[in-house]
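Chemist: Provided below are the primary sequence and the corresponding predicted coordinates.
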Amino acid sequence: MRPRPERLEQLPEQFFASLMRRVGSAGPDVLDLGRGNPEVGPPDYVAEALREGALGGATIHGYAPFRGLPKLKEAIVRRYRDVYDVELDPEREVALVPGGKTGLIELCLALADRGETVLLPDPYYPDYLSGVALAEAKVGLLRLDADNAFSADLDSAPSAAALFLNYPSNPCAACAPPGAFEAMVDYAQRTGTPVVHDAAYIDLVFDGRRPASFLATPGAKEVGVELWTMSKTYGMAGWRLAFVVGNAEIVERINLQTDHTRVGVFAPLQHAAIAALTGPQDAVEERRAAYERRRDRLVEALPGAPVSQGTFYVWYRLPEGVTADRLLTECGVVVAPGEGFGPSGAGWARISLAVTDETLERGIERMAPLLEAAYA
Ligand SMILES: Cc1ncc(COP(=O)(O)O)c(C=O)c1O
């Protein structure tokens, strides 16, 4: 076989695949607090809409409209208006993508030329590296300052093919510090760099915060887009459906790629997403409240004052001498090692709240003695 194309050679090791291998090889009694996979799915009426859609007659099994069902785009536009106070044009400012991860890849392909730099936060969501590699672009890192609310210093950031940021942050579990979105718009206007705000956890915020969209910032739509996924808000991670919304030129580029690569999204899946977006929203709040409750429990039970303002993680500074490996071998608990999220993640661990109360309790019970001894 001929050698692989260079862009495949540039793909990093898939962090989450290696994390899952770590769990798989660790034995049956190990507790997995490393995962980022919602532990509860969507309400039954969502699955029912999928079933009804699939039984909807012969035409439903043909190609769906390439760029998405108008009703689905209207449903996400309504959510943006009602929940995030943002007006969107469903035709020009909304693109469907099969999941946020695919959206991240596509955004890199749509924004970066070979050899250009894409700026990522450090710590970053590891899958950002994949899109940069496939676009044959280069990674530039912008450190998030743990002592300054995990903000990025955009005043000294160079111009780039794109800037990616995400609040609430995976892995830092920080909501956007005051002025962060305004600084992103200002940076983009100053340098001509398009902004991608990855809003995967937008609805999972704690302590009375309101979900905050980057696009609600004046000028944001002129310089960037937001990536919004069904995965976390509705517990539909396996359904693979997300949206790129905002700047019309970037949305058009994503749609252009869709026309050439994917030929739309299976229509019953879109019907189910419409049901999720337009049906009763109690399950969204129940999910959010469950993560906040588990956050409270973890913060109360572990030493070192862990903080989480949102997402379904706690980003935890490990005490001197404690590593993710020690938590696995000595406590039988898998956490996501911080260094997997970039150089600034060294010495930290990401602990998941997307587990049952019982699993979290057992995890705390196992880890607390080692952590308390190390903090003493
Ligand atoms: C920060 C962030 N962005 C994007 C995604 C992608 O989500 P999905 O591909 O399930 O839509 C995730 C999933 O874990 C995430 O944590």
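Modeler: Right, received. Where do you want to start? Because the structure is a prediction, the values reported are computed rather than measured.
Chemist: isn't Leu50 right up against Phe266?
Modeler: No: applying CB atoms under 8 Å as the test, Leu50 and Phe266 come out as separate, 9.3 Å apart. C-beta: built from backbone N, CA, C; applies to glycine.
Chemist: list the buried ones in the worst-scoring helix or strand of the chain on mean pLDDT?
Modeler: Every helix and strand of the chain was ranked by mean pLDDT, DSSP states H and E. The lowest is helix 15-24, at a mean of 73. Of all the residues in helix 15-24, those buried under the rule 16 or more other CB atoms under 10 Å are 15-16, 19-20, 22-23.
Chemist: where in this structure is pLDDT low?
Modeler: Applying pLDDT under 70 to the chain flags residues 26.
Chemist: Identify the residues contacting the residue in the stretch 51-200 of the chain that the ligand sits nearest to.
Modeler: Here the stretch 51-200 of the chain gets closest to the ligand at one residue, Gly100, 2.7 Å apart by CB to the nearest ligand atom. The contact partners of Gly100, by CB atoms under 8 Å, 6 or more residues apart in numbering, come to 198, 200, 227-229, 231, 242.
Chemist: Which members of these occur in strands, if any?
Modeler: The strands, defined by DSSP state E, take in 198, 227-229, 242 from those.
Chemist: okay, these in CSV with distance to the ligand next?
Modeler: Below are the ones in strands among the contacts of Gly100 laid out as CSV (distance: CB to the nearest ligand atom, whole Å):
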residue, distance to the ligand
Asp198, 5
Leu227, 7
Trp228, 9
Thr229, 3
Ala242, 4
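Chemist: Number of residues surrounding Ala157?
Modeler: Residues lying near Ala157 (other CB atoms under 10 Å) number 17.
Chemist: Tell me the strands beside the longest strand seen in the chain, with direction?
Modeler: Longest strand in the chain, counting residues (DSSP E): strand 138-145. Under the criterion DSSP bridges, strand 138-145 sits next to strand 117-122 (parallel), strand 151-152 (antiparallel) in its sheet.
Chemist: starting at the chain centroid, how far to the helix or strand that comes right after the shortest one?
Modeler: From strand 151-152 onward toward the C-terminus, using DSSP states H and E, the following helix or strand is strand 162-165. Relative to the mean C-alpha coordinate of its chain, strand 162-165 is positioned 13 Å out (CA atoms, centre = their mean, to the nearest Å).
Chemist: try stretch 104-115
Modeler: Using CA atoms, centre = their mean, the offset of stretch 104-115 from its chain centre is 18 Å.
Chemist: Report the buried residues of that stretch.
Modeler: Quick answer for stretch 104-115 (16+ other CB under 10 Å): 104-112.
Chemist: What would it look like as CSV? C-alpha coordinates only.
Modeler: Output of stretch 104-115 as CSV, limited to C-alpha atoms (Å, rounded to 0.1, in the frame of the first residue of the first chain):
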residue,chain,number,x,y,z
LEU,A,104,-15.5,21.1,14.4
ILE,A,105,-13.7,19.3,11.6
GLU,A,106,-15.8,21.1,9.0
LEU,A,107,-15.2,24.5,10.5
CYS,A,108,-11.4,23.9,10.3
LEU,A,109,-11.8,22.8,6.6
ALA,A,110,-14.0,25.9,5.9
LEU,A,111,-11.7,28.4,7.6
ALA,A,112,-8.1,27.3,7.4
ASP,A,113,-5.8,26.8,4.4
ARG,A,114,-2.8,24.4,4.5
GLY,A,115,0.0,25.8,6.7
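Chemist: Residues contacting it from elsewhere in the structure, which ones?
Modeler: Counting by CB under 8 Å, 6+ apart, 97, 118, 127-128, 130-132, 134-138, 161-162, 164, 194, 196, 198, 225, 227, 244, 250, 253-254, 257 sit against stretch 104-115.
Chemist: Could I have the PyMOL command that selects the buried members from these?
Modeler: Filtering the contacts of stretch 104-115 down to the buried ones (16+ other CB under 10 Å) takes a single PyMOL command:
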select buried, resi 97+118+127+128+130+131+132+134+135+136+137+138+161+162+164+194+196+198+225+227+244+250+253+254+257
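Chemist: circling back to that earlier point, mind checking if the longest strand of the chain is in reach of the ligand?
Modeler: No: Strand 138-145 stays clear of the ligand (CB under 6 Å from any ligand atom), getting no nearer than 13.1 Å.
Chemist: Provide the secondary structure category for Pro211.
Modeler: Using DSSP: H, G, I helix; E, B strand; the rest coil, the structure places Pro211 in coil.
Chemist: Please tell me I have it right and it contacts Ala200.
Modeler: No: contact between Pro211 and Ala200 fails when scored by CB under 8 Å: they sit 11.9 Å apart.
Chemist: Which of the two has more residues huddled nearby?
Modeler: Neighbours around Pro211 and Ala200, counted as other CB under 10 Å, are more numerous at Ala200. The numbers are 25 against 21.
Chemist: check contacts around that one.
Modeler: 100, 125, 166, 170, 227-229, 231-232.
Chemist: mind redoing it with 10 Å?
Modeler: 36, 100-101, 103-104, 125, 166, 168-170, 227-229, 231-233, 237, 242, 311 (CB atoms under 10 Å, 6 or more residues apart in numbering).
Chemist: ok, now Ser25?
Modeler: With CB under 10 Å, 6+ apart, Ser25 has no contacts at all.
Chemist: Pull up the gap between the nearest residue to Ile202 once chain neighbours are set aside and Val334, please.
Modeler: Counting by CB to CB, 6 or more residues apart in numbering, Ile202 lies nearest to Pro211, which is 4.9 Å off, once chain neighbours are set aside. According to CB to CB, to the nearest Å, Pro211 and Val334 sit 30 Å apart.
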